[in-house]
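Got a predicted structure plus its sequence, pasted below:
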Amino acid sequence: MASVVLFVLLRLLPGDPANALVSVGADQAQIEAARREVGSDLPLPQQFAHFISSLARFDLGTSFVSRTPVLDDIIARLSVTVPLTLLSFLLAVVIAVPFGILSAVKADRWYGGAISVVSQLGIAIPVFWVGILLVTLFAVNLRLFPSGGFPPRGWGAPFEALRALFLPIITIALVMSASLLRYVRSATQDVLGSDYLRTARALGSGFSEALVRHGIRNGAVPVVSILGIELATTLLGAVVVERVFTLPGLGSMLLLAIEQRDYPNIQGVLFISTLLVLLIGFFADLAQRWIDPRLREKAGSVRR
Amino acid sequence: MTVLAEQQEDSARRTRRSLTLSIGLLLVGLHLAVALLTLVWIPYDPTGMTGGRLEAPSWAHWAGTDRLGRDLFTQIMIGSRIALIVGAGAVAIAAAIGVTLGVLAAFATRYLDDALAATFDILIAFPTLLLAMLVVAATGTASLLSAILALGIAISAIVARLTRILAKRVLAMDYITAARTAGSSWPSIVFRHLLPNIWPTLSVNFALQFGLAVIAEASLSYLGLGAPPPNASWGRLLQEAQGTVYTAPFGAVAPGLALVSLVIGMNLLADGLRDIGDPTRRRSR
């Protein structure tokens, strides 16, 4: 289903992909040859069948521009994007969960309110501005971290690589934790107002004991589904952050491919990211069922 | 809790709510005023060299000057206009497409509804920005119009899904059955019963999407896929400022503040509207 949408979107791009292959002054015969090579002279249904069958074989073709296999390029770039996404995500969760719970439990104290205000600010700030400000502060003024780039040896130089990813990770984590925090906070509020928490308290457990034993499991279910969505968004939204810090990730590959009309690359990046997004959704589902046995029983009937 | 304490808390909540709404209105109003002002007056020629290059903020140039000596404050003011045009345009397109498709899906036969719902879900799985990037690429050249169109189309999936869910809920109500029984035609059901009932929730969502559209447009411009140079989009200002961040770090501050203030204004406005439009929610917070 997703592949149909992809195919339609890609064919909507004007300009024949063959144009990317030939030089500016090419004559008709050269263009025809290029079209044949790319396959854009075939009728659309045939192009589509070809598209689907190669996707099924994980054959993403070769780039029109650089002539390298798309899949190899993607895998090389995933070694930047995946650690970037996962580490930022972990950091965001580590920030958002305790502060979110705190801001719900202590809503009447000044810091409870302050946390909410800060998170309100956080969802209004574009991620690239945070990046630029962090670069200004930590790379230009304090000179603690590089302002961008990734060591050419990649993870062969693990310390350098981590140092290069430090500011991007902080950037994404800050922005992401702001929106996560709101969900954690409202989930905690639901838990706080629940009957089972009151019952647990009435049966004599302390406030924090009741919250930990009964609250976390209940509150976690909606939060986990949001976590899945956020993780997917971060993965796909890495485009902007990778541009800010000039990181050679999946996002910058997509951007370059769009500029160069390099269809196999655009297609490959979108296909792999769609796949990853679906996988993330699947694992979020599994995690929810693992946390909440009630979802396991209903599982068969609810899913379509 | 005693009745008195409850009443007190209620009124405290109401004060906080009207404060939210007022700050939101103030911020958005300020941007609107600036945007209107730029139509008749701006402090400097936005494209002319009006000072030294990369000057720090001063009384003559409130936000400093850029690498060509152009006044940044003037460009930021024009940026307000562009942001509002993009936000309003994108939301209008998204509303037109999204509400139509959403209502259609809610009314449609089972199969069409399923197909539409699945399409919305898939489109939503892609972030707005990514969809907008593809649409910009599809329209060929980057222009203000293509940015508006791209964001409008990208956001319409979100609006469509929300509309479908809301509309299905309303269509299951007894008063709709009553209207149908009384022989109302479907246009009359849509315009007299359905839309007025889902409108409050939709309009809150439009305000939120407006803010998101402004951020997304800035991101597009930042990536070089937005409105081209004579349009001073905040995103492009920030992108240019990043290039001179070693010599003139102040350039990255003011456009960002302008952007954030508008988006926060829109978000607060949405929060305030939600509480006004839906009295049943008053208790839930």
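Yep, that arrived.

gap between the most centrally placed residue in chain B and chain A?
Taking CA atoms, centre = their mean, the centroid of chain B lies closest to B:F210, which sits 0.7 Å from it. As for B:F210, its distance to chain A is 12 Å (criterion: CB to the nearest CB, to the nearest Å). No exception for glycine: its C-beta is placed from N, CA and C like everyone else's.

Surely B:Q239 touches B:A218?
No. At 9.4 Å, B:Q239 does not count as touching B:A218 under the criterion of CB atoms under 8 Å.

what's the model's confidence in stretch A:164-179, averaged?
Summarised as a single mean, pLDDT over stretch A:164-179 is 86.

and if you look at stretch B:224-234?
On average, the pLDDT along stretch B:224-234 is 76.

can you pull the buried residues of it?
Within stretch B:224-234, the residues scored as buried using 16 or more other CB atoms under 10 Å in any protein chain shown are B:225-227, B:231-234.

Among these, pick out the one closest to chain A, please.
Using CB to the nearest CB, B:L225 is the member of the buried residues of stretch B:224-234 that sits closest to chain A, with 7.9 Å.

That closest one touches B:M133, doesn't it?
Yes. Applying CB under 8 Å, one finds B:L225 in contact with B:M133, separated by 6.0 Å.

what sits in contact with each of the two?
A:I258 (CB atoms under 8 Å, 6 or more residues apart in numbering or on different chains).

sorry, back to before: now, which of the buried residues of stretch B:224-234 lie close to chain A?
Among the buried residues of stretch B:224-234, proximity to chain A is found for B:L225 (CB under 8 Å from any CB of the partner chain).

Just put the buried residues of stretch B:224-234 in a markdown table and tack on distance to A:I169 and secondary structure.
A markdown table is the format used below for the buried residues of stretch B:224-234 (distance: CB to CB, whole Å; DSSP: H, G, I helix; E, B strand; the rest coil):
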| residue | distance to A:I169 | secondary structure |
| --- | --- | --- |
| B:L225 | 25 | coil |
| B:G226 | 26 | coil |
| B:A227 | 31 | coil |
| B:N231 | 33 | coil |
| B:A232 | 32 | coil |
| B:S233 | 28 | coil |
| B:W234 | 25 | helix |
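
right, and the pair among the buried residues of stretch B:224-234 with maximum separation?
Maximum pairwise distance among the buried residues of stretch B:224-234 (CB to CB): 16.1 Å, between B:L225 and B:A232.

ok, so what distance separates A:G228 from B:S156?
Look at A:G228 and B:S156: by CB to CB, to the nearest Å, they are 24 Å apart.

Likewise for B:I85?
From B:I85 across to B:S156, the span is 18 Å (CB to CB).

These two: who's more crowded?
Neighbours were counted for B:I85 and for B:S156 using other CB atoms under 10 Å in any protein chain shown; B:S156 has more, 27 against 17.

Please, which helix or strand holds the more buried one?
helix B:144-171 (DSSP states H and E).

Mind listing what's buried along that helix?
B:144, B:146-167, B:170-171.
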